[in-house]
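*Asks:* got a sequence here, can you build the structure:
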Amino acid sequence: MTNQAFRPPRLHKPLLSGLALLQRWGPWRRLGLFLAVAGPGLITGIVDDDSTGIAGYSIAGSRFGYNMLWTLVLAAVALAIVGEMAARMGSITGKGLGEVIRERFGVRITAFALLILLIANLATTVAEFAGIAGASEIFGVSRYIAVPLAAAVVFGVVVYGSYRRVEKVLLVGALISVSYVITGFLAKPDWGAVATHSVVPHFQANLAYLSVLIGVIGTTITPWQQFYLQSTVVDKGLGEREFKLERLDVFVGALASATIAFFIIVTTAATLHAHGEPSGTVEEVAQSLRPLAGDFASRLFALGLLNASLLAAAVLPLTTAYAICGAFGWERSVNRPLREAPVFFGIFGGLLVVGAAAVLLPGMPLLILLLIPNVVGAVLLPVILILMLKVLNDSKIMGRWTNSTGWNVAAWTVTGALIVLTVVYAIIAILQATGVVSG
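*Replies:* Residues are numbered from 1 along each chain as shown. Below is the predicted model of the structure:
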């Protein structure tokens, strides 16, 4: 039996009635049930490829060609393992990660984790609006128009919608990410080389290769993902009986994330690397594609950046609001009107304002702001993963849904590897930023 204090919620009535109806559809039942449950895992996986992720994959492809494609298999497995645990915890406890951590470990540890999460998410939100600004200017729209408009649209969709509506908007946005698949084919890569490098590891013994390699693998799992995924599982009303389908949703999301990353690397490897043009900013990558793969490919790449930045600009502030309000017992749900959850929507709106304003300020050191999420993530990620594993092995909380021995081995292996990678990545990033070593 699951601890009564952690009883999972019932599904929202519209979803419950939809599931009952789908049961009558014979062979389509499983597909229908999956589509009814899917969302949290897929959105988390897609949003993982945000502006900072796109930048990392673009650098990997433009500097080292197809050499890092093999790392995406490891990244997808790691993302699936950690995401499954967050979804399971949310489905069984009916509570967000911040709330579970507070009840299990106390206020001090929770406050430390949330403070680091706030810093990381704020810096990343600034990065997303920087992505919106860069992509919009490729289409000839000034950032002073695009950034405030984007912030207002994101705020309106979340505050004046419901979870189901917000999820639909995010899922439609996720579909636009197929633009990177199209650009991959437009780039006309050497598919034989692509296939070989996807399964055969390739290494280069230099600091530049190591730093990018760690960036591709080590930053695949970020702290915000666990908070967001678990909170949206709860907000959607998914419980124990829906968990197996939600787990499939998580696995599909991990595969989608790796697929997008794959085609970004393929695109930049087949164009920029093949012509000896290492990338600068993501915006410069999109512009550089025009003479190499055509104007259509360039605009598709920019569209993907704009879409990814918009999705992440909604999800990152939402994650922060979910985590803080859940931990301290304040109302937190996009299903609530503004007057019933003022702190939740206040945190969400405040992060949007700060993120958008920072991009519009002249002289803002955006490169430093882009570095902060990776550094603070290296501090927070080990803490979050270890706390999650302790909860997931506590039968008083998880009941019969604790980690199996095999899953513990896999989870602790991933956790140990990610701790090493993120710490080394942070050290290298700091040394490069301070000029001690060259990148």
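
*Asks:* remind me, longest helix of the protein?
*Replies:* Longest helix of the chain, by residue count under DSSP state H: helix 295-328.

*Asks:* other SSEs contacting the strand or helix carrying residue 117?
*Replies:* For residue 117, the host element (DSSP states H and E) is helix 107-138. Contact partners of helix 107-138 among helices and strands, from 3 or more C-beta pairs under 8 Å, 6 or more residues apart in numbering; DSSP states H and E: helix 51-64, helix 97-105, helix 143-159, helix 223-235, helix 282-293, helix 295-328, helix 342-360, helix 366-392. In short, each C-beta sits where N, CA and C put it, glycine included.

*Asks:* highest mean neighbour count out of those helices?
*Replies:* For those, the largest average neighbour count (mean count of other C-beta atoms under 10 Å) is found in helix 223-235, namely a mean of 28.

*Asks:* CA-only coordinates of that helix in PDB, if you can.
*Replies:* Backbone C-alpha positions of helix 223-235 (Å, rounded to 0.1, in the frame of the first residue of the first chain) are rendered in PDB as follows:
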ATOM      1  CA  PRO A 223      17.700  20.100 -12.600                       C
ATOM      2  CA  TRP A 224      14.600  21.900 -14.000                       C
ATOM      3  CA  GLN A 225      13.500  18.800 -16.000                       C
ATOM      4  CA  GLN A 226      12.800  16.800 -12.900                       C
ATOM      5  CA  PHE A 227      10.800  19.500 -11.200                       C
ATOM      6  CA  TYR A 228       8.800  20.300 -14.300                       C
ATOM      7  CA  LEU A 229       8.100  16.700 -15.300                       C
ATOM      8  CA  GLN A 230       7.000  15.600 -11.800                       C
ATOM      9  CA  SER A 231       4.800  18.800 -11.300                       C
ATOM     10  CA  THR A 232       3.000  18.400 -14.700                       C
ATOM     11  CA  VAL A 233       2.300  14.700 -14.100                       C
ATOM     12  CA  VAL A 234       0.600  15.900 -10.900                       C
ATOM     13  CA  ASP A 235      -1.100  18.900 -12.500                       C
END
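
*Asks:* weakest of the helices and strands packed on helix 107-138 by average pLDDT?
*Replies:* Confidence, taken as mean pLDDT, is least for helix 282-293 of the helices and strands packed on helix 107-138 (a mean of 65).

*Asks:* ok, back up a step: is it possible to get TSV of the helices and strands packed on helix 107-138 that adds distance to residue 176?
*Replies:* Shown next, in TSV, are those (distance: least, C-beta to C-beta, whole Å):
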stretch	distance to residue 176
helix 51-64	13
helix 97-105	28
helix 143-159	15
helix 223-235	19
helix 282-293	15
helix 295-328	4
helix 342-360	21
helix 366-392	23
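
*Asks:* circling back: what comes up buried for the helix holding residue 117?
*Replies:* Of all the residues in helix 107-138, those buried under the rule 16 or more other C-beta atoms under 10 Å are 110, 113-114, 116-136, 138.

*Asks:* ok, so what distance separates residue 181 from residue 394?
*Replies:* Distance, residue 181 to residue 394, by C-beta to C-beta, to the nearest Å: 41 Å.
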